[in-house]
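Enquirer: Provided below are the primary sequence and the corresponding predicted coordinates.
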Amino acid sequence: MSNPFSSRFIKSGAIPFFGEDETIAETLGERFEKNGRFGQIIGPHGTGKTTLLGTLLSRLVAQGRIVIATSLHDRQRRLPKEFLSRIEAIGPEWEKTILVLDGYEQLGYPARFFLRRLRRTRRLGLLLTSHRPIWGVPILHRTAPDFAVLQQTVQHLLRETETQIPSEELKELFDRFSGNIRLVLLELYDRFEAGRSIS
């Protein structure tokens, strides 16, 4: 049996966003449009920003939007060349296009200025995630550590297995990793690989 916590099962888009509101993607989509297709999702590491972003993007694509997305990593100050090439190839459909940057706070000022200017001159959408608020960008949603979300996520991943993880064990991991769900799932991956009993 494959590891239910492997990267292909927990990557962005593979897990639905669990939270207090099942219609949150619809709500955020409407808010994003009202803000002129401009906004940010903010929150600490591992609290569901990327997962929520994936859910929202699926909705936007279904509405006919063209999405050009990239994920930025630690100290990545410049925009990836592939991302820039895709922007150059947009053609006449600027107003249907949404640029998406996961981890926007990594970018240096020149790249940020370029994106803001592009948004104004080409009237395209700009959707960001960040660990802290970006000045001048409307906040669509704030994610936060949520133990119930971890429970729902783990139940979803284990739905086709006979494995169960006691709530107290999940809570211990949740507290140990300060609510970072991504780190909890990585720990569960290691335990599953090691064949430890988590029933």
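Expert: Thanks, I have it.

Enquirer: measure the spatially most central residue of the chain to E168 for me?
Expert: In the chain, the residue lying closest to the centroid (Cα atoms, centre = their mean) is T50, at 0.8 Å. As defined by Cβ to Cβ, to the nearest Å, T50 lies at a distance of 28 Å from E168. Just so you know, the C-beta spots here come from the backbone N, C-alpha and C atoms, and that holds for glycine as well.

Enquirer: same deal with E88?
Expert: Separation of E88 from E168 (Cβ to Cβ) stands at 53 Å.

Enquirer: just E30 next, same as before
Expert: Separation of E30 from E168 (Cβ to Cβ): 39 Å.

Enquirer: higher neighbour count, the two?
Expert: E30 (12 against 7; other Cβ atoms under 10 Å).

Enquirer: what about L128, helix or strand, and which?
Expert: In this structure, L128 is located in strand 125-130 according to DSSP states H and E.

Enquirer: Ignore what I typed, I meant Q40.
Expert: Under the criterion of DSSP H and E, Q40 resides in strand 38-42.

Enquirer: Next, the angle strand 125-130 makes with that strand.
Expert: Angle between the axes of strand 38-42 and strand 125-130 is 20 degrees (criterion: axes from the mean of the first three to the mean of the last three Cα atoms, to 10 degrees).
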